[in-house]
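Colleague: fold the following and give me the result.
(2 chains)
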Amino acid sequence: MNSVAFLVIAIITLSGALAAAALPKLIHAALSLVIVFVGVAAYFFLLGAEFVGLVQVFVYIGAVAVLIVFTILLTRRELTGDRGINWGGAIVALAVFGGLLWTILKTKSLAIRAPQIEPLTVKRIGEVLMTNYVWPLQCVGLVLTAALIGALILVMEEKREER
Amino acid sequence: MSGAFLDQIFLRAKEWLLSPLAGAPDWLIQIVSSLINISGVLGVFLTLFAAISVLERKILGRMQNRYGPNRVGPFGLFQPVADGIKMLIKEDVVPARADKVVHFLAPILVAATAILALGVIPYGRNMTPFTIDGGILFFFAVGSTTELAVFMAGWGSNNKFSMLGAMRAIAQMVSYELPLILTTLPVVMIVGALSPDAIVAAQGGYSFGVLPHWFVTTPWGAAAFILFFISGLVESNRTPFDVPEGESEIVAGHMTEYSGFKYATFFMAEYFGMFAISGLAVTLFLGGWHSPIAALNFIPSYFWFFLKLSALLFVYIWVRGTLPRTRVDQIMNFAWKFMLPMAFTLIVAAAVWHYQGRGLAGWLWSLAVIAIVYFALSRLLDTRKKFAPRTYRFAE
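Modeller: From the prediction side, this is the model:
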């Protein structure tokens, strides 16, 4: 049952990724990327990490995908001119893929079987975040606040000097 | 125990439906059980949708001193049937320059997300169609996908009005998602769980048998409920905040190029979204399926849920019949300058309530926190504009 689900999700996710890379219209590519995000969220659900799966949907579809779509919308019109296959890019991509595959297959961690663990509850995540990982959490909060203030300063209206 | 029997009658019906499958494998039973839940939710809410579409026109008619629909059947009650048939047999027009696939997928995605969000709400004792540990998070995760669907509708139509409407819709939905989520945070904090069932269970019990322990009876709960309700109005694009489809400016916003059944699907999704947000408001603040007085506990739990839901839906219609449409900049200013600081304040107020022992002292202290911030905010945001009757220079 689980391996069938794994296969189905893998096919959907990979075809979404392929479409995102190959479709000529940018907006179609962005929407195919959403399928990939859904696929990854489905994997998290399959592995019993409910919370992470929900956050994946929430952040990547609700925020990142909308952001991508909005930037495409606000920055450019339809691109014309046919685009052939970029052979140099294809070779580099294949080389990177091959290298990664070779490295992964060489590692010993593939032989280790995952221990059976109980599914993570939201309560447990909250407790761990507030005790063991409170410093990283605060640091991330600080970085995000800085980013927010930076974005505000960028779009702030500049007061013209009166002469 | 006829009360308890009536209370669980739908569960018994489901058990009876599942009984022929007693020897079947687990996954089959699971699938059939989910299908029963899904058809139950769809059946109930499609009926409610049909009822509310005629009731809304009736109530609006009453508010505007006219009859409303009264031709089809007794008191115009068969109006939804006539509307449905009309929508089904209308021609489905797709613009020649439209992005066909995206244009087709948008209404499906809008309806699907609205229906999914309805799944996690507890409609009665043991009556949650889809029980999940992070139910509240699921609701918002699914709800945030709606923005993408609205964008697809606007983009796929290849029409200026559609695009403008979609941009307005996304702008206001993104802005109001923040207060919407932040106002649920106090409840989640106090209960200590993200599952709607736990939140409803935490609101059981009564003081002196007449005062229910709903969160709306605390100062932070009442304020959060009002903020949540306003955000809900915006998220479902209802009247004071319906700039995305403002028919006097941009035809019908992202729905301009849709006709026939696709338009009906958008319409249905809007109402389903309204049901979902109201249902969540009932779950979070109005005690879910608990009865208001301990003595009335013999009445089935789902009755109370749908009574509260109908009351909220009536307020939606009431607001629509009363208030004019706001401007886009007014909506945005309201979200970022008032709703957001108030939502943050409510988190503090709820914490104060909790650490003062959840009694009368906590009640007064949290009220004080909210009142101070509220008055400070209203002084700060006061534009000191004088409002006077408009005078005309050349026309009199």
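
Colleague: going forward, measure contacts and count neighbours with C-alpha atoms only.
Modeller: Noted.

Colleague: pull out the buried residues from stretch B:15-35.
Modeller: Residues B:Ile29, B:Ser33 are the ones in stretch B:15-35 that count as buried (16 or more other C-alpha atoms under 10 Å in any protein chain shown).

Colleague: repeat that for stretch B:6-14.
Modeller: Buried-residue list, stretch B:6-14, by 16+ other C-alpha under 10 Å: B:Leu6, B:Asp7, B:Gln8, B:Phe10.

Colleague: which of those residues sits closest to A:Ala111?
Modeller: B:Phe10 (49.4 Å; C-alpha to C-alpha).

Colleague: which residues does B:Asp197 contact?
Modeller: B:Asp197 makes contact with B:Pro122, B:Thr128, according to C-alpha atoms under 8 Å, 6 or more residues apart in numbering or on different chains.

Colleague: sticking with B:Leu346, tell me its helix or strand.
Modeller: B:Leu346 is part of helix B:340-355, with elements assigned from DSSP states H and E.

Colleague: so what's the residue count around residue 51?
Modeller: No chain specified, so I'll use chain A. 22 (other C-alpha atoms under 10 Å in any protein chain shown).

Colleague: let me rephrase: I mean chain B.
Modeller: For B:Ala51, the neighbour count with other C-alpha under 10 Å is 15.

Colleague: give me the pLDDT value at it.
Modeller: B:Ala51 is assigned 88 on the pLDDT scale.

Colleague: that one contacts B:Val81, doesn't it?
Modeller: No. Counting by C-alpha atoms under 8 Å, B:Ala51 stays clear of B:Val81, with 10.3 Å between them.

Colleague: relative to the whole chain's centre, how far out is the helix or strand following the helix holding B:Leu346?
Modeller: Counting by DSSP H and E, the next helix or strand C-terminal to helix B:340-355 is helix B:360-380. Per C-alpha atoms, centre = their mean, to the nearest Å, the displacement of helix B:360-380 from the mean C-alpha position of its chain is 27 Å.

Colleague: hmm, who's touching helix B:360-380?
Modeller: Outside helix B:360-380, the residues within contact range by C-alpha under 8 Å, 6+ apart are B:218-220, B:338, B:342, B:345-346, B:349-350, B:352-356.

Colleague: now these in CSV, with distance to chain A and neighbour count?
Modeller: Shown next, in CSV, are the contacts of helix B:360-380 (distance: C-alpha to the nearest C-alpha, whole Å; neighbours: other C-alpha atoms under 10 Å in any protein chain shown):
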residue, distance to chain A, neighbour count
B:Thr218, 25, 22
B:Pro219, 26, 24
B:Trp220, 23, 28
B:Phe338, 18, 17
B:Met342, 19, 23
B:Thr345, 18, 24
B:Leu346, 20, 28
B:Ala349, 21, 23
B:Ala350, 18, 29
B:Val352, 19, 21
B:Trp353, 21, 25
B:His354, 18, 16
B:Tyr355, 18, 11
B:Gln356, 22, 16
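
Colleague: identify, from the residues you listed, the entry nearest to B:Asp242.
Modeller: Among those, B:Phe338 lies closest to B:Asp242 (C-alpha to C-alpha), at 19.5 Å.

Colleague: residue ranges with poor pLDDT in chain B?
Modeller: B:1-3, B:395-396 (pLDDT under 70).

Colleague: with chain A instead?
Modeller: A:1, A:76-85, A:114-119, A:158-163.

Colleague: and which of the buried residues of stretch B:6-14 is nearest to B:Met163?
Modeller: Using C-alpha to C-alpha, the buried residues of stretch B:6-14 come closest to B:Met163 at B:Phe10, 44.6 Å.
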